[in-house]
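Asks: The following block contains a protein sequence and its predicted model.
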Amino acid sequence: MNRKEKWQQQRKAANFKLSLIMILLIIIVLAPLSYFVLTGLNKTQEPKKEVATVSKQETKGSTQSSSKSQATEQTTNSKIDTSKWISVQEEAWVPTLMYHHITPEITDSNCLAPEDFELQLDALKKADYTTVSPEEVYLILTENKKPIQKVVCLTFDDGFDDFYKNAYPLLKKYNMKATSFVVTSFLNKISYLTDQQVLEMKKSGLVSFQSHTVSHQSMESLSAQDQLEQLQASKKHLDDLLQQDTLAICYPSGKFADNTAELATQAGYKLGFTTQPGFAAKSDGLLTLSRIRISSNMTGNEVLNTLKAAANH
Ligand SMILES: [Zn+2]
């Protein structure tokens with residue numbers, strides 16, 4: 001090996017070492033760099049994800065609020081399984097019973113003892129009656145079809161707390177539905193239902209809460225503007241509290257003016273209940289439906305006889 005060849009070999013070896021050092025340097029420099037770059041990228045992507053989630057929620061929220069009543073209505077209706085209902089040839093009607101107090105202390109004819117109420121529920125059950133909600137009443141009256149059993153709607157006026165104490169346990173025992181017409185400004189006051197009780201009973205699926213106005217003033221004595229205010233404000237109160245589309249109004253003391261039904265429709269109600277005696281039928285007007293008053297000491301048989309007599313009328 002001459003000097004030139006030796007020098008070339010040494011140069012090759014030096015170049016090889018230099019290449020190795022370069023590769024090592026590249027690895028040493030690039031590895032952390034790539035780590036930071038990747039981490040940095042992830043960090044910049046995270047807010048993007050948040051933005052995406054927020055915009056998704058916003059979109060969801062806006063569609064929810066715009067179609068809130070529609071969605072609630074669909075939920076309400078979707079709960080009603082009408083697949084086994086039968087068509088009715090003649091006009092459909094629903095006997096709607098009107099109760100006030102369920103209490104052992106009988107002070108007037110609006111009070112019914114819990115034992116008597118239980119006897120009535122027992123008699124209705126044995127006679128093959130099924131209880132229906134206001135949503136079901138609306139379907140029966142407007143679509144002329146009904147459950148195969150005989151139907152009855154149990155309504156309780158004023159939202160007294162004895163409904164929670166004395167009626168609700170019996171409704172659970174017999175698995176029967178009822179409707180409570182509450183005066184929204186009376187809620188949480190002494191002797192009246194509390195928000196908590198209302199929410200608990202609504203959750204059970206057995207009790208429906210509908211409007212009995214804001215302050216129990218006679219619709220007959222109010223101006224159109226004041227009637228509308230009572231109808232709208234009480235509906236909004238219940239819609240917000242119960243996340244529902246409140247569909248029924250019960251006029252205080254059953255009194256209503258010539259324009260009340262129209263105003264109730266304007267406020268968004270589909271059904272209106274009075275104290276006019278009789279069965280709830282569409283021909284009377286969906287916003288002026290009749291009911292059957294249940295007074296104290298009525299036995300189960302007396303209720304059944306009243307229903308039969310009214311049906312044959
Ligand atoms: Zn009342």
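Replies: Received, thanks.
Asks: Within range of the ion, give me the residues from the stretch 101-250 of the chain.
Replies: 157-158 (C-beta under 5 Å from the ion). To be clear about C-beta, it is placed using only N, CA and C from the backbone, and glycine gets the same treatment.
Asks: would you list every one of the helices in the stretch 101-250 of the chain?
Replies: Assigned by DSSP state H, counting those that start in this stretch, the stretch 101-250 of the chain shows helices spanning 114-126, 134-143, 162, 168-174, 195-204, 224-242.
Asks: who wins for proximity to His100 among those helices?
Replies: helix 162 (9.2 Å; C-beta to C-beta).
Asks: the strands in the chain, which residues?
Replies: 86-87, 93-94, 96-99, 101-102, 111-112, 129-131, 145-146, 150-158, 178-182, 207-211, 248-250, 271-277, 280-281, 289-293 (DSSP state E).
Asks: got TSV for the helices of the stretch 101-250 of the chain, with mean neighbour count and mean pLDDT too?
Replies: Below are those laid out as TSV (neighbours: other C-beta atoms under 10 Å; pLDDT from 0 to 100):
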stretch	mean neighbour count	mean pLDDT
helix 114-126	18	96
helix 134-143	21	95
helix 162	21	97
helix 168-174	16	98
helix 195-204	15	98
helix 224-242	18	98
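Asks: could those be laid out in a markdown table, adding distance to Ala92?
Replies: Output for the helices of the stretch 101-250 of the chain, formatted as a markdown table (distance: least, C-beta to C-beta, whole Å):
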| stretch | distance to Ala92 |
| --- | --- |
| helix 114-126 | 19 |
| helix 134-143 | 5 |
| helix 162 | 32 |
| helix 168-174 | 24 |
| helix 195-204 | 26 |
| helix 224-242 | 25 |
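Asks: among those helices, which is nearest Gly254?
Replies: Of the helices of the stretch 101-250 of the chain, nearest to Gly254 by C-beta to C-beta is helix 224-242, at 14.7 Å.
Asks: who does the closest one touch, helix- and strand-wise?
Replies: helix 195-204, strand 207-211, strand 248-250, helix 260-266 (3 or more C-beta pairs under 8 Å, 6 or more residues apart in numbering; DSSP states H and E).
Asks: how much distance is there from the shortest one to the middle of the chain?
Replies: By that I understand strand 248-250. With C-alpha atoms, centre = their mean, to the nearest Å as the basis, strand 248-250 stands 15 Å off its chain's centre.
Asks: can you check the second one too?
Replies: A distance of 9 Å separates the C-alpha centroid of strand 207-211 from that of its chain, computed with C-alpha atoms, centre = their mean.
Asks: Identify each buried residue in that strand, please.
Replies: By 16 or more other C-beta atoms under 10 Å, the buried positions in strand 207-211 come out as 207-211.
Asks: Name the stretch among the strands of the chain that sits most buried.
Replies: Of the strands of the chain, the one with the most neighbours on average (mean count of other C-beta atoms under 10 Å) is strand 248-250, at a mean of 29.
Asks: With that, I have no additional questions.
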